[in-house]
Structures are given as structure tokens and as C-alpha cells.
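J.: Predicted coordinates and the sequence they were generated for:
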Amino acid sequence: MEHTESPRIAFLGLGVMGSAMLRNLAAQGYAVSGYDVVPAAMERLADTGFRRAATPLDAARGCDVAITMLPTSSHVRDALFGADGAAAGLNPGALVIEMSTGDAVETDRIAADLAALGLRCLDAPVGRTPREAAQGKALIMAGGAQADFDQAAPIFAAMADEIVHVGPFGSGIRLKLVNNYMSMVGMVLTGEALMFAAKLGLDRATVVKVLSNTTAGRGQLLTNFPGKVLAGDISPDFPMRMGYKDINLAMNLAASVGAPLGLGGYAREMFALAKSWGRQEQDCTAMLLLLEDVANLDRQAARSGHE
């Protein structure tokens, strides 16, 4: 059933994620006009009934909402403000929902430029996989004014099953980049660990089975951190001093078999700092506090989100 009283939506960027999101909007009855620089991307969505636009400006005409889902912030800027840019075609006071994973500072600039034109903006990057997006089960991390978030909530609900209002504008993309940082470093860490095990002649299936059920394999954020440092408890279940000993033993073993552990080298240096900072007898999760010390972080401001 069509959302007859719902806003008309311009959707810019119909790649793998964007096309899945547009399909879900169309399935929920939203009137959507879409544009992509790749004609085949629009052709693949012909069965949705969306209006195929000739330019971003054409897509935006008569719309109260524009969604951008593009590769980079440069593409977003061009789609909004370039020749035949969408910003010139939107209705006065329209809401732009920037859902790309782009540069945080440039996203701020784009919002400021939209505001100068009387247009509002949310940053709302998307998490999870294309498969989950196709099922309407994406994760949306939105930053912006509460009223703008409330207006966008039904639109988000058509595309995602987890929607988080992270905070003021810019919070969404910043959290997404923190997540992606953790994810990509985790890729390297997991690859290093499995390579190290293989260099030692260990059976991979057995290694994966065991590590899948250890604190290391399950991840500190889901295991040790919540009950220790994040709860204000750094009494030593396993002290930093012992952590330094263990990573030294692992690094020495790795060197003996020629296993390159780049992340391990950095981690060992961080554990080595614990003595200088008087944290060697604190729990290993106090690594968070050590890193905050080194970063000269204002903890009170950071805890309230104003660092």
C-alpha cells in the first residue's frame, strides 16, 4: 500500500547497498525517484516501480527527502551541489539523509552547505552486510536533531531492524568509522593469529574451534571489558605485568618460526608502557586507561561525549 501522506524520496546511489535499500522503500509503498551514474544499476531496479531520473536534480524535484548512498564524500558533494545537483531541486526545508561511509569532516561541511540553502541533514551510515540490507535488517547509526530523526524514523524502519540515534549531527559517521577501524584491525589480528598457528603446524579447524570459545576469539568488548574497566574495576584478574610477559613469549615464538606479527609488536610496546605509567599491577583491561593517558584524554568530558 502506498504511503500517500509520506514524503517523496529521492535516492542517489544505487549500488549494492543502495539498491537493496531502495527496494525496501518501494516495497513499503514509498514513492521513490532514483539516480545512479551507472545506467545498468537503474535498469536492475525497474521491477520496483521507482521513477528513473535523468540526473540528481531530476530525482530531487518535488521531494521532501533525499537519501545519498555513494562511495565517497566527494561523490556526495557532486550529487548534491554539482551540475544538475539535487540540492537545487528539493522542496524548501527538505531533509537530506547522508547514509554513505565518507569523511567525517567533509560530511560536516556538506551539512553546513545544505543549511545555507535552508535544507536539513542527518548523517546516518549503514552497518551490516548487503544480504541483511536486502532483508530490511540493516543497522542505521543516525546523528542529528531529534525532530529530524523522528521524521526519518519511519523511512529508516523500512530499511533496518536496528536504528540508533547516536547523538548530534556528525555522531553517526564518527561511530561508523570507529566501528570500521575496529573491524579492519580485527581482520588483521585474526589473520595474524591464524597464520601464526599455521606456522607452528597447528591444525586450522582445531584452532578455529578453540579460539571461537576463548575470550580472545570472542572479543574483549563482549567478555572482559564490560565487567572490568568499563565497570570501573581494574583490580587484576590478569595484571598488565603478566600480559607483557605473555605477549613477549608469543612474540619470541613467532620470531623463531618467522611469523610476522605487526600488531603484536605494537601491542608489546603498549604493555611495556604500563610500568612507566604505574599500571603494571592493574588488570589488562586497564589498557584502555593507559591509552587514554597517552592520548591526554579528558576522561570526564569523554564519558559525557564532549571530548
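T.: That came through fine. The model shown is predicted, which means the values in this text are computed figures rather than measured ones.

J.: And the strands in the stretch 51-200 of the chain, which stretches?
T.: 51-52, 65-68, 95-98, 120-123, 126-127, 138-143, 160-167 (DSSP state E, counting those that start in this stretch).

J.: can you redo the ones you listed as TSV with mean neighbour count, distance to residue 40 and mean pLDDT?
T.: Where C-beta positions appear, they are placed from N, C-alpha and C, glycine not excepted. TSV is the format used below for the strands of the stretch 51-200 of the chain (neighbours: other Cβ atoms under 10 Å; distance: least, Cβ to Cβ, whole Å; pLDDT from 0 to 100):
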stretch	mean neighbour count	distance to residue 40	mean pLDDT
strand 51-52	16	12	96
strand 65-68	27	20	98
strand 95-98	27	24	98
strand 120-123	25	29	98
strand 126-127	22	22	94
strand 138-143	25	23	97
strand 160-167	18	26	97
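
J.: what's the burial count for residue 37?
T.: Counted with other Cβ atoms under 10 Å, residues neighbouring residue 37 total 15.

J.: what do you get for the one 4 residues further on?
T.: A total of 18 residues lie near residue 41 under the criterion other Cβ under 10 Å.

J.: Quick check: it is in a helix.
T.: Yes - counting by DSSP: H, G, I helix; E, B strand; the rest coil, residue 41 falls inside a helix.

J.: Which of the strands of the stretch 51-200 of the chain sits closest to residue 245?
T.: Among the strands of the stretch 51-200 of the chain, strand 126-127 comes nearest to residue 245, with 37.1 Å by Cβ to Cβ.

J.: one step back: Serialize the strands of the stretch 51-200 of the chain to CSV and add fields for distance to residue 174.
T.: Written out in CSV, the entries for these read as follows (distance: least, Cβ to Cβ, whole Å):
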stretch, distance to residue 174
strand 51-52, 34
strand 65-68, 17
strand 95-98, 13
strand 120-123, 9
strand 126-127, 13
strand 138-143, 8
strand 160-167, 8
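
J.: for those strands, which one sits closest to residue 217?
T.: Taking Cβ to Cβ as the criterion, residue 217 comes closest to strand 126-127 out of the strands of the stretch 51-200 of the chain, the separation being 21.4 Å.

J.: which other helices and strands contact that closest one?
T.: Identification of packing neighbours for strand 126-127 by 3 or more Cβ pairs under 8 Å, 6 or more residues apart in numbering; DSSP states H and E yields strand 138-143.

J.: Give me the contacts around the strand it packs on.
T.: In this structure, residues lying in contact with strand 138-143 by Cβ atoms under 8 Å, 6 or more residues apart in numbering are 17, 21, 99, 122-128, 132, 149, 152, 156, 159-176.

J.: next one: that strand to chain centre, how far?
T.: Using Cα atoms, centre = their mean, to the nearest Å, the mean C-alpha position of strand 138-143 is found 8 Å from that of the whole chain.

J.: Touching, residue 90 and residue 68? I think so.
T.: No - checked against Cβ atoms under 8 Å, the pair residue 90 and residue 68 is beyond contact range at 11.8 Å.

J.: any common contacting residues for the two?
T.: By Cβ under 8 Å, 6+ apart, residue 90 and residue 68 have these common neighbours: residue 96.

J.: Could you say which helix or strand holds the spatially most distant residue from the centre of the chain?
T.: Centroid-distance maximum for the chain: residue 256 at 37.9 Å, with Cα atoms, centre = their mean. Here residue 256, judged by DSSP states H and E, is contained in helix 240-257.

J.: pLDDT of that helix, averaged?
T.: Taken as a whole, helix 240-257 has an average pLDDT of 96.

J.: which secondary structure elements does it contact?
T.: For helix 240-257, the packing partners by 3+ Cβ pairs under 8 Å, 6+ apart are helix 171-199, helix 262-276, helix 287-294.

J.: Could you provide the ones you listed in JSON lines, with additional columns for distance to residue 108, mean pLDDT and mean neighbour count?
T.: Output for the helices and strands packed on helix 240-257, formatted as JSON lines (distance: least, Cβ to Cβ, whole Å; pLDDT from 0 to 100; neighbours: other Cβ atoms under 10 Å):
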{"stretch": "helix 171-199", "distance to residue 108": "9", "mean pLDDT": "96", "mean neighbour count": "16"}
{"stretch": "helix 262-276", "distance to residue 108": "30", "mean pLDDT": "96", "mean neighbour count": "15"}
{"stretch": "helix 287-294", "distance to residue 108": "25", "mean pLDDT": "95", "mean neighbour count": "16"}
